[in-house]
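What would the 3D arrangement of this be:
(2 chains)
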There are 2 protein chains.
Amino acid sequence: MTDEQFPRPIVTVDIVLLTLSDERLCVALLPRATEPFQTFAGLIGGYIHADEDQDAEDAVRRILKQKTGLDGIFFEQLRSFASAKRDPRGWSVSIAYFALVPKPVLEAAAHTLELRPVTEPGSLPFDHGEILAAAVNRLRGKGAYSTLPARLLPDIFTMSELQSIYETVIGERLDQSAFRRKISDLNLLEEVEGEKRQTERARRPTTLYRLKDPISVFNRRI
Amino acid sequence: MTDEQFPRPIVTVDIVLLTLSDERLCVALLPRATEPFQTFAGLIGGYIHADEDQDAEDAVRRILKQKTGLDGIFFEQLRSFASAKRDPRGWSVSIAYFALVPKPVLEAAAHTLELRPVTEPGSLPFDHGEILAAAVNRLRGKGAYSTLPARLLPDIFTMSELQSIYETVIGERLDQSAFRRKISDLNLLEEVEGEKRQTERARRPTTLYRLKDPISVFNRRI
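Next up is the predicted model:
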């Protein structure tokens, strides 16, 4: 018996699109246009188009653009979810990704997405609840050791905004001076010259920063 | 146009089977029985059997047992490799796993596997070189923060053997007293009561240990 006598599984990609809204980590969901689970809000996803997509990342870019209008945002593979039971249409593989996007970029993309806090996502179709939990877990784990959380901020930010995003992702308060010393030791940021921002709280205009290398991984925890 | 007009990709699992041989981290390869790349030594893998495997882990267990005789060893999903070009048979998804096995267990399994150091794996078929590199990278990264490296040891080991396996996986020498203090702080081990081992170097018989929880993840680096 040759292996190819077995029917081929369905292959899709699913994208856990995360953003920060009202200081909470949120997932962006899309109401499903077709069965199964028609009208239910689920993760953004679709079939691999073997005639069109060169690889799975190509499929992610195509689906993000078609279904949300987003282009050029950060995404990374999470892992695959593959079983006979996860999809009523048959044996199915979902290659899952997580994507991070600043909220203004998400809003400018114009498509209607539903934002829900990752801690209260409600009932999701398929195994999307499990995929979401795995993505949040990965972000929390890697967040403390990488510049990943900064991908939820616009390109230019203040030190307070950066600390706040790490606190939200990691889920704990960080000491301000220890955080600033660590960030300074890691040599991650560069000042945006000639630009300052006047905030309500500070007497002097606040220095603005950007990441030198947008996806560096540290040796130690923030 | 419905999505299902597109041909379905091939779906396989591939397993990076790692062991320790002569104090080097090695990958166990299998000569391929069929085309493409017939007779070339490659990662252990095979098609998902949709009629037989309930999920991808089922396929991993089935393939490990059929092709190597191994049963009940530790494995974990790495990530998927999916593209139009990686397999000459067409658009293909490989859900890749890494497995860790003590060498005596591997030798007892009786099938002929070829061991090569992960630093000098030679030329491998498909994108198996890339999959191997990703697995080694994951093990090195997670190794410093988890009990993963201990899966390369038999169930019962000495403290020196444990330190040595961490050094091999992480790729750097560790201070003996700092290592022992850290292991003690993490409260990972239990003494195997009533068993000691007489080694050549030590004057007194050496205490033997086993892991309490075989896959715990630490907060800090070893």
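
Okay, now the unreliable bits of chain A?
Residue ranges of chain A with pLDDT under 70: A:1-5, A:110, A:199-202.

Name the residues of it found near chain B, please.
Within chain A, the residues that sit near chain B (Cβ under 8 Å from any Cβ of the partner chain) are A:3-4, A:6-11, A:46-56, A:77-80, A:82-85, A:90-91, A:93, A:95, A:219-221. All C-beta spots, glycine's among them, are computed from the backbone N, C-alpha and C.

Where strands are concerned, which of the residues you listed count?
Among those, DSSP state E puts A:I10, A:V11, A:G46, A:Y47, A:Q77, A:L78, A:R79, A:S80, A:A82, A:S83, A:V93, A:I95 in strands.

of the residues you listed, buried ones?
Among those, those classed as buried by 16 or more other Cβ atoms under 10 Å in any protein chain shown are A:I10, A:V11, A:G46, A:Y47, A:Q77, A:L78, A:R79, A:S80, A:A82, A:S83, A:V93, A:I95.

Tell me the one among those nearest to B:Q163.
Top of the list for closeness to B:Q163, among these and by Cβ to Cβ, is A:R79 at 30.7 Å.

quick one: contacts for that closest one?
A:A96, A:A134, B:Q77, B:L78, B:R79, B:S80 (Cβ atoms under 8 Å, 6 or more residues apart in numbering or on different chains).

Out of those, the closest to B:E190 would be?
Closest to B:E190, out of all of the contacts of A:R79 and judged by Cβ to Cβ, is B:Q77, at 28.8 Å.

Run the chain-centre distance for the helix or strand A:T207 falls within.
Assigned by DSSP states H and E, A:T207 belongs to strand A:206-211. Between the centre of strand A:206-211 and the centre of its chain there are 22 Å (Cα atoms, centre = their mean, to the nearest Å).

and which of the contacts of A:R79 is nearest B:Q176?
Nearest member of the contacts of A:R79 to B:Q176, counting by Cβ to Cβ, is B:L78, at 31.9 Å.

Test my guess that the closest one contacts B:Y97.
Yes: B:L78 sits in contact with B:Y97 when judged by Cβ atoms under 8 Å, with a separation of 6.0 Å.

for chain A, what spans make up the helices?
Using DSSP state H, the helices of chain A run over residues A:56-68, A:103-108, A:128-143, A:159-170, A:176-186.

Now distance to B:A108 and mean neighbour count too, for those helices, in TSV please.
Shown next, in TSV, are these (distance: least, Cβ to Cβ, whole Å; neighbours: other Cβ atoms under 10 Å in any protein chain shown):
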stretch	distance to B:A108	mean neighbour count
helix A:56-68	38	19
helix A:103-108	55	14
helix A:128-143	34	19
helix A:159-170	44	19
helix A:176-186	47	13
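
Export the ones you listed to a markdown table and append columns for distance to A:L17.
A markdown table is the format used below for the helices of chain A (distance: least, Cβ to Cβ, whole Å):
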| stretch | distance to A:L17 |
| --- | --- |
| helix A:56-68 | 7 |
| helix A:103-108 | 8 |
| helix A:128-143 | 9 |
| helix A:159-170 | 15 |
| helix A:176-186 | 27 |
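
Out of these, which is closest to A:R210?
Nearest to A:R210, of all the helices of chain A, is helix A:159-170, at 10.4 Å by Cβ to Cβ.

tally of neighbours for A:R89?
The tally of other residues near A:R89 (other Cβ atoms under 10 Å in any protein chain shown) stands at 11.

residues in contact with the closest residue in space to it that isn't next to it in sequence?
The spatially closest residue to A:R89, leaving aside those adjacent along the chain, is A:I10, at 6.0 Å (Cβ to Cβ, 6 or more residues apart in numbering or on different chains). Counting by Cβ under 8 Å, 6+ apart, A:I10 touches A:Y47, A:D87, A:R89, A:G90, A:W91, A:S92, A:V93, B:R8.

and what of A:I44?
Counted by Cβ under 8 Å, 6+ apart, A:I44 has contacts A:D14, A:I15, A:L17, A:A28, A:L29, A:L30, A:I63, A:L64, A:K67, A:T68.

Dig out what it forms beta bridges with.
Note on A:I44: beta-bridge partners by DSSP bridges are A:I15.

Also A:R210?
A:E190.

Quick check, it in contact with A:L188.
No: assessed by Cβ under 8 Å, A:R210 is found out of contact with A:L188, at 9.9 Å.

Quick check: can you list the domain ranges of chain A?
A:3-143, A:148-211 (automatic domain parsing).
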